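Novice: sequence and predicted structure, then a few things I'm wondering about:
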Amino acid sequence: MKLNRYIYNSIKKRFQNLDIIEESVKAGHSYIKRSEIIFENKKIKGVPVSTGYIGKGIIEGRVYSIENLTPSVIFQENLKGKIIYIKNVEKPEKLRYLLPLKPEAVIINREFKRPLFIEEFPVIYIPSLIRDGEIKIQLNTKKTEESVKNIYFDIGYGAYFLFLVFPYDSRYQTKDSIDFYGSFQVTKEIIRRLLEVKKPSGYRIRVLFSDHKYTGYRPLKEHIKKIDSDLILSIINTENSGLGNEKLIIKTDRNIIDSFHFERIKHLLGKLNLPLKTDRLEAFYFPDFKVPVVWFSSQPNNNIYTLKKEFLNRELIDRFASNLFYIMNNLYKEIG
């Protein structure tokens, strides 16, 4: 069963009186079908670890190597517009540190379970070590055009929207993927509480399940841009939650939450005798919707994707869902 049908059927079965809507969204993107690197007269088969690149099919020039990837790389002027070889990369998101340098291409020595969506330059994995020298990269790219589904419904009434969004990607996740399962269970538990316990008054909750987050969240962007941003109070993102140790992300590649929402959340958690733990994912991309984003992320590393959903603790899921539900119900009430 396709993941979007699984979501639709699960929600329909659990919450029978909801008016669930499916909308088709074009989610085409470019990807690299094949890559080959020619270095010192040797051909090395490359494995693309990024999607979205729409540039040149042949890239030639001198390759410059660096040991590690840190934010300070942007100060290395000699790397601007060059082909860069990185010996050690911990997380694929950190490759976004390179964006200000506008490299021609990036070569790494590590594969990742999930792709990085980045249009500006290709990222290629090779199993071989190389050194500085002349290099040629040959790429065969293809553009896809496909239609994916957004699933959404409203809880409550009002002109203003509070979005509860769960981005996922049916190409790389299954219903038993630990990161999908945790976030989906959190989202369902919040829906249950909104319907059976209490929902906010004065505005509606727009619950949105959006596919293809690894194409730069395109279907999510297509849905939200239809609504005047002045009518959106904030976006609650349940991505990568339910795994425990959730922290409020205050910054991705930009600041995503304002001081108003930050202070209110801190106050509300204080009423529950809970500390506000924060973190930054400065190499991570999340769309700029011109509205505050409330995102408590468990921030799983790449190794966690190999674990089974049975690894998750239901108590952790319910506890986090309860806290987030409390925040949603009180975020826009007068603080005493």
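Specialist: Yes, it's here.

Novice: going forward, measure contacts between C-alpha atoms and count neighbours the same way
Specialist: Will do.

Novice: just checking, what packs against the lowest-mean-pLDDT helix or strand in the chain?
Specialist: Lowest on mean pLDDT, DSSP states H and E among the helices and strands of the chain sits strand 116-117, with a mean of 84. Contacts defined by 3 or more CA pairs under 8 Å, 6 or more residues apart in numbering; DSSP states H and E place strand 116-117 against strand 50-51.

Novice: which elements pack onto the strand it packs on?
Specialist: strand 29-39, strand 116-117.

Novice: can you list contacts of it?
Specialist: 29-32, 115-119, 122-124, 215 (CA atoms under 8 Å, 6 or more residues apart in numbering).

Novice: what's the pLDDT at the most far-flung residue of the chain relative to its centre?
Specialist: Most distant residue from the mean C-alpha position of the chain: Asn41, 39.2 Å away (CA atoms, centre = their mean). Note on Asn41: pLDDT of 90.

Novice: could you tell me the least trusted of the helices and strands packed on strand 50-51?
Specialist: strand 116-117 (a mean of 84).

Novice: what's in contact with it?
Specialist: Val49, Ser50, Thr51, Gly52, Pro92, Glu93, Tyr214, Thr215, Gly216.

Novice: can you check stretch 13-26 too?
Specialist: 12, 145-154, 192, 219, 222.

Novice: just to revisit the earlier point, neighbour count for the contacts of strand 116-117 - can I get that in CSV?
Specialist: Listed next are the contacts of strand 116-117 as CSV, based on neighbours: other CA atoms under 10 Å:
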residue, neighbour count
Val49, 23
Ser50, 23
Thr51, 23
Gly52, 24
Pro92, 21
Glu93, 17
Tyr214, 22
Thr215, 20
Gly216, 20
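
Novice: out of the residues you listed, which comes closest to Gly270?
Specialist: Nearest to Gly270 among these: Glu93, at 32.0 Å, using CA to CA.

Novice: so where do the helices sit in the stretch 151-300 of the chain?
Specialist: 178-196, 218-224, 259-271 (DSSP state H, counting those that start in this stretch).

Novice: how about the first one: buried residues?
Specialist: The reference is to helix 178-196. By neighbour count on 16 or more other CA atoms under 10 Å, the buried set for helix 178-196 is 178-191, 194.

Novice: now stretch 147-163: buried residues?
Specialist: Within stretch 147-163, the residues scored as buried using 16+ other CA under 10 Å are Val148, Lys149, Asn150, Ile151, Tyr152, Asp154, Ile155, Tyr160, Phe161, Leu162, Phe163.

Novice: with adjacent residues omitted, what lies nearest to the fifth one?
Specialist: To tie it back to what came earlier, the one meant is Tyr152. Distances taken as CA to CA, 6 or more residues apart in numbering put Leu208 closest to Tyr152, at 4.4 Å, once the chain neighbours are dropped.

Novice: likewise the fourth one?
Specialist: Counting by CA to CA, 6+ apart, Glu22 is the residue found nearest to Ile151 once chain neighbours are left out, at 4.7 Å.

Novice: distance of the one you found from Asp228?
Specialist: Distance of Glu22 to Asp228, given as CA to CA, to the nearest Å: 20 Å.

Novice: where does the record place the domain boundaries for this protein?
Specialist: 3-28+146-330, 31-142 (automatic domain parsing).

Novice: and the first one, how far apart are its ends?
Specialist: Read that as domain 3-28+146-330. End to end - CA to CA - domain 3-28+146-330 spans 32 Å.

Novice: same question, the shortest one
Specialist: Terminal residues of domain 31-142 lie 6 Å apart, using CA to CA.

Novice: over to stretch 50-66?
Specialist: Span of stretch 50-66 from end to end, CA to CA: 19 Å.

Novice: repeat for stretch 236-256
Specialist: OK, stretch 236-256 end separation, CA to CA: 11 Å.

Novice: can you pull the buried residues of it?
Specialist: So stretch 236-256, judged by 16+ other CA under 10 Å, has buried residues 236-244, 246-254, 256.

Novice: show only the entries of the residues you listed found in strands.
Specialist: Ile236, Asn237, Lys247, Leu248, Ile249, Ile250, Lys251 (DSSP state E).

Novice: average pLDDT across stretch 174-191?
Specialist: Mean predicted lDDT for stretch 174-191 stands at 94.
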